[in-house]
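Asker: Have a look; sequence and predicted model below, questions after that.
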Amino acid sequence: MINIEQMAIILDALPDPAFILSRSGKYVAIFGGQDKRYYHDGSNLVGRYIADLIKPEKANWFLTQIEKAIVSQKLEIAEYELSSRDVKGLPDEGPEAPIWFEGRIQALSFEIDNEAVVLWVASNISERHQLEIKLRELSDTDQLTGLFNRRKLEQELKQHFDTYTRYATPTSLLMFDLDNLKSVNDNLGHAAGDEVIKMVANLCLTVIRKNDCICRFGGDEFIIALPNTLLPDTLQLAQRLQTLVRAALSQYAIGDTQVTVSIGATTISKADHSYEEMIKRADLALYQAKNEGKDRIIVI
Ligand SMILES: Nc1nc2c(ncn2[C@@H]2O[C@H](COP(=O)(O)OP(=O)(O)OP(=O)(O)O)[C@@H](O)[C@H]2O)c(=O)[nH]1
């Protein structure tokens, strides 16, 4: 049998800090979380109130989570970021950077000082959180160019389409495809073709604005989404891009065969039911640009 003294030692040895918090946000007790590599010592907080130690917005968030667990009587799980500077009374010793926590919050079946209480176990998940950010970045990014990939562009366009239906703010699209990349690959090698694709990506980054979204849509095909932009500005950007590409890639010409861009341009229309219709229109315009002899901009 475990006796009371052993029980106290076990509670102190809990790897993650476990807080007993009252409905009104009082730190009733704190156990465990002794390893200073992962946690700050919270023993100074006992007897004090969340609202007195943490800024109102965050304090309210904590109180809401406590209330949720008390009302549901089920295990509640929430992730949050907190640094020692966010909580008055925490010692400096402990992690310097803000910590990402997973809070596991369970209402207890008894009251303390006539108040409902919860057990709040706070686990340091900073490493996992960083990994999740990295994975998200990787899943949104094209490996060769570092631009967004098609998946991310489609997410963005969906949002722009929703914004358009609500506030009528227009989004325009440029879809473009390199002309004669095959000739570079065949004559100068695949690595040179890769260089060309990367150069075009970097040129695009120099002409777009902060809110524009550029993606590598496929092999040598790119899309730039331009939120809050009408056709005249879109066409200006297309012309700049066309001129820049022609000049920058002249070194890859094979005889008379130059690497240029064919561009299809379009803007959102009242008749569109989804962002896919915009992409289809831009694709049609691009197809026409290729058919009419490449190195040109077609608007549909
Ligand atoms: N080096 C390299 N080449 C690629 C990559 N992705 C696609 N390509 C090449 O890009 C070419 C795309 O085909 P096309 O669009 O028909 O070739 P193109 O010479 O640009 O033809 P036009 O568009 O008609 O001018 C193919 O030769 C692909 O092998 C890549 O990541 N690296």
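Answerer: That came in fine, so what should we check first?
Asker: tell me how far the helix-or-strand element of the chain with minimal mean pLDDT is from the chain's mean position?
Answerer: Scoring the helices and strands of the chain by mean pLDDT, DSSP states H and E places helix 150-167 at the bottom, with a mean of 87. Distance of helix 150-167 from the chain centroid (Cα atoms, centre = their mean, to the nearest Å) equals 15 Å.
Asker: Would you mark the buried spots in it?
Answerer: 152-154, 156-157, 160-161, 163-164 (16 or more other Cβ atoms under 10 Å). Quick note: C-beta positions are derived from backbone N, CA and C, even for glycine.
Asker: In TSV, list those along with distance to M1.
Answerer: As requested, the buried residues of helix 150-167 are exported to TSV (distance: Cβ to Cβ, whole Å):
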residue	distance to M1
K152	58
L153	63
E154	61
E156	61
L157	64
H160	65
F161	65
T163	64
Y164	68
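Asker: Tell me who's in contact with the closest residue to A225 other than its chain neighbours.
Answerer: The shortest distance from A225 to any non-neighbouring residue, by Cβ to Cβ, 6 or more residues apart in numbering, is to C213 (4.5 Å). Applying Cβ atoms under 8 Å, 6 or more residues apart in numbering to C213 gives the contacts 148, 152-153, 156, 224-225, 227.
Asker: Let's have these in CSV, adding distance to the ligand.
Answerer: Listed next are the contacts of C213 as CSV, based on distance: Cβ to the nearest ligand atom, whole Å:
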residue, distance to the ligand
F148, 16
K152, 18
L153, 17
E156, 22
I224, 18
A225, 21
P227, 27
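Asker: Identify, from those residues, the entry nearest to P91.
Answerer: K152 (42.0 Å; Cβ to Cβ).
Asker: Thought C215 was touching that closest one, still the case?
Answerer: Yes - contact criterion Cβ atoms under 8 Å: K152 and C215 qualify, at 6.4 Å.
Asker: got the residues of the stretch 101-250 of the chain near the ligand?
Answerer: 144, 177-183, 185, 190, 193-194, 197, 219-220 (Cβ under 6 Å from any ligand atom).
Asker: what helix or strand is R136 on?
Answerer: If you go by DSSP states H and E, R136 is part of helix 126-140.
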